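1. Provided below for reference: sequence and predicted model.
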Amino acid sequence: MTNPYDSAFSESINDPDSFWAKAAEECHWYKRWDKVLDDSNKPFYRWFTGGMVNTCYNALDYHVENGRGDQAALIYDSPVTDTIKTYTYSELRDEVATFAGVLAGQGVVKGDRVIIYMPMIAEAAIAMLACARIGAIHSVVFGGFAAKELATRINDAKPKVIVSASCGIEGKKIIKYKPLLDGAIEMADVKPKSCIVRQRPMEQASMIDGRDVDWEDAMASAQPAECVPVAATDPLYILYTSGTTGQPKGVVRDNGGHMVALKWTMKAIYDIDAGDVWWAASDVGWVVGHSYIVYAPLFKGATTILFEGKPVGTPDAGVFWRVISQHNVKCQFTAPTAFRAIKREDPRAELMKNYDLSNFKILFLAGERSDPDTIQWSENNLKVPVIDHWWQTETGWAIAANCMGLNHFPVKYGSPTKAVPGWNLQVVDANNQQVAPGEIGALVVKLPLPPGTLPTLWENDDRFVESYLEEFPGYYKTADAGYIDDEGYAYVMARTDDIINVAGHRLSTGAMEEVLADHPEVAECAVLGVEDKLKGQIPIGFLVLNAGVEREHGAIQQEVVQMVRDRIGPVAAFKTATVVNRLPKTRSGKILRGTIQKIADNKEYKVPATIDDPAILAEMEDALNGIGLAGSRKV
């Protein structure tokens, strides 16, 4: 007898029309679709053509009208301001409808763009849903992004209105948003008609007459707006992802396919039912925040938590356990880096003992590779399944996962388990030929991509084809390297440019990082290949140690070198590891390996817009100088 995963996967690949039509029946449609999958304009596939929907209606009004009006929809939990506020489905719908009226009052109509540049406050989610309510296209830019980066996004999206706040709070620091916003508008060639600003108590921003509108004043006088039906294929949002050319790529998400796929994933992947409490500890500026703080949990009728804080320091490494316990969280989704930070501060999980986690069922990790050591530490202390899964900004939801609502497969450390139904995941070589099980190649997805993924890039079809479809015809290029074993488990070893060539041997830096992370005193690590005249490239390891480690660094360095030699072999040529206080990361927790590599290779580099703390790059230069590498070539 086939298990639910196998039958779902088989139908999704062999009869996608039937599979996704059934999922679509769970959603509200003003007009049903004419075609489930429209492949008349390859490679630009479209889902649910002819259908008319409203994303906000499906997230809020639908549940109010079906008896969930008094259930908690969103819990705003902000340890940095000592605030907790719960919105029921009825309350959230009313707030959203009112803010949609504010936008309409500023002249925003269906198809207009609205940039949202906000901290992790409830108003960020309200603004997103309000745009969806009236058919406007939102583009959330991570709060606190540099003015120049915001300006490039203003020029590309051409927003009629920008929604912002006076400030954000990063740990204990107040980041003033309004001067950054004013600077960006000054730099931009395109000017918004108006800016709506949420003044926060800790920072009152100065307003520009004739352009800036106070959020509270506008809400007090606005007329609530009704939902506007839009085509299933109309854009819901644009989310910019860093482009290799320095010009960001505007990933487009449609309304219909997005709604169908995300609602389906809540039960199938995450085992979340209506009424369950769900927490994605991310930021609305990232794809996880779009998909799994705001949209998917509300489509499902669950309760979602919007958290303004950090895994450590707000106030300590026990804040995650406090939130899970206090709000009765069933499942959490976060980045492995968050758990590495907690593990570093509290290696024995002493703070966990202060909280009742008996209702907590599953931890999901994604955003970067989950090293086995972090997964095992989490399993041992939480005593629940810890599920690694893999996806991207472009995909909008998981490519590979252990689908907990369909079939809980045995975990294989280092693997995000199997391709999720809808994803025809394959491994090909440079000639676009499939490789044998266990052989490393490029991870690709056979077209068409499932609903909820990117149909194109904003106003740039050519770049969409060039970036994702050209190199491997007939496939979507993930730009990740890896393999699929003989049981169908996928292994994502590294970005394709993180496979290094050591004396003709292709080696994965990810595999070496797994070994280093296994050392009991290593909290987190990175391995990257630096140029070497003899071998082409050689791997260098960077180690961040657990809090309280007092042993000689030299001894730890020798131990990890030996570990790599024992487990991967002398072929890895791994001879150098250095201890650093911290690693440069994006604000979402991804290690900036490419930037470290450029510093090590003495190449010109730009400070990435997404970096959490630019000062750390000087520390990396010092560390690299200490092992005879690097010079500053910052441009």
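-> Yes, it's here. Just so it is clear, the model here is predicted, and its values are computed rather than measured. Numbering: from 1, shown residues only.
2. Pass me the low-pLDDT residue ranges in the stretch 401-550 of the chain, would you?
-> Applying pLDDT under 70 to the stretch 401-550 of the chain flags the ranges 494-501, 503-506, 533-535.
3. ranges for the strands of the stretch 451-600 of the chain?
-> Remark: strands assigned in the stretch 451-600 of the chain by DSSP state E, counting those that start in this stretch are 475-484, 490-495, 499-502, 505-508, 522-532, 536-545, 576-579.
4. Reformat these as JSON lines; add mean neighbour count and distance to residue 161.
-> (Glycine included, C-beta is placed from N, CA and C.) Converted to JSON lines, those look like this (neighbours: other CB atoms under 10 Å; distance: least, CB to CB, whole Å):
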{"stretch": "strand 475-484", "mean neighbour count": "22", "distance to residue 161": "33"}
{"stretch": "strand 490-495", "mean neighbour count": "22", "distance to residue 161": "36"}
{"stretch": "strand 499-502", "mean neighbour count": "19", "distance to residue 161": "44"}
{"stretch": "strand 505-508", "mean neighbour count": "18", "distance to residue 161": "46"}
{"stretch": "strand 522-532", "mean neighbour count": "23", "distance to residue 161": "40"}
{"stretch": "strand 536-545", "mean neighbour count": "21", "distance to residue 161": "42"}
{"stretch": "strand 576-579", "mean neighbour count": "19", "distance to residue 161": "48"}
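5. Same list (these) but as CSV, adding distance to residue 256.
-> As requested, the strands of the stretch 451-600 of the chain are arranged in CSV below (distance: least, CB to CB, whole Å):
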stretch, distance to residue 256
strand 475-484, 20
strand 490-495, 28
strand 499-502, 37
strand 505-508, 38
strand 522-532, 40
strand 536-545, 44
strand 576-579, 50
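6. mind checking which of those is nearest residue 129?
-> strand 475-484 (28.9 Å; CB to CB).
7. The closest one: partners in the sheet, and parallel or antiparallel?
-> Strands that pair with strand 475-484, judged by DSSP bridges, come out as strand 441-446 (antiparallel), strand 490-495 (antiparallel).
8. Residue 135 contacts residue 234, doesn't it?
-> Yes. Using CB atoms under 8 Å, residue 135 is in contact with residue 234, at 7.0 Å.
9. the more surrounded of those two?
-> Taking neighbours as other CB atoms under 10 Å, residue 135 and residue 234 compare with residue 135 leading, 24 against 17.
10. Which helix runs longest in the protein?
-> Longest helix in the chain, counting residues (DSSP state H): helix 89-105.
11. what about dumping the CA coordinates of that one to CSV?
-> Provided in CSV are the C-alpha atoms of helix 89-105 (Å, rounded to 0.1, in the frame of the first residue of the first chain):
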residue,chain,number,x,y,z
TYR,A,89,-9.5,37.4,12.8
SER,A,90,-12.3,40.0,13.0
GLU,A,91,-10.0,42.7,14.5
LEU,A,92,-7.3,42.0,12.0
ARG,A,93,-9.7,42.2,9.1
ASP,A,94,-11.1,45.5,10.4
GLU,A,95,-7.6,47.0,10.8
VAL,A,96,-6.6,45.8,7.3
ALA,A,97,-9.8,47.1,5.7
THR,A,98,-9.3,50.5,7.3
PHE,A,99,-5.6,50.7,6.1
ALA,A,100,-6.7,49.6,2.7
GLY,A,101,-9.0,52.7,2.9
VAL,A,102,-6.0,54.8,3.8
LEU,A,103,-4.2,53.6,0.7
ALA,A,104,-7.3,54.1,-1.5
GLY,A,105,-7.5,57.6,-0.1
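12. what residues does the helix or strand following it touch?
-> Using DSSP states H and E, the helix or strand that follows helix 89-105 in sequence is strand 113-117. For strand 113-117, contacts defined as CB atoms under 8 Å, 6 or more residues apart in numbering pick out 103, 108, 124, 127-128, 131, 136-141, 143, 145, 150, 153-154, 157-165, 177, 181, 192, 238, 284.
13. hang on, the earlier thing: now do the longest helix of the chain, average pLDDT.
-> For helix 89-105, the mean per-residue pLDDT is 98.
14. May I see the buried residues of that helix?
-> Using 16 or more other CB atoms under 10 Å as the test for burial, helix 89-105 gives 89-93, 95-105.
15. hmm, who's touching it?
-> 56, 60-61, 63-64, 68-74, 87, 114, 123, 126-127, 129-131, 133-134, 136, 161, 196, 213, 215, 218-219, 222-226, 301.
16. So for stretch 376-389, mean pLDDT?
-> If you average the pLDDT over stretch 376-389, you get 96.
17. Could you pull up the residues touching residue 450?
-> The contact partners of residue 450, by CB under 8 Å, 6+ apart, come to 12, 16, 20, 257, 261, 422-423.
18. domains for this protein, by residue range?
-> 4-309+389-482, 497-626 (automatic domain parsing).
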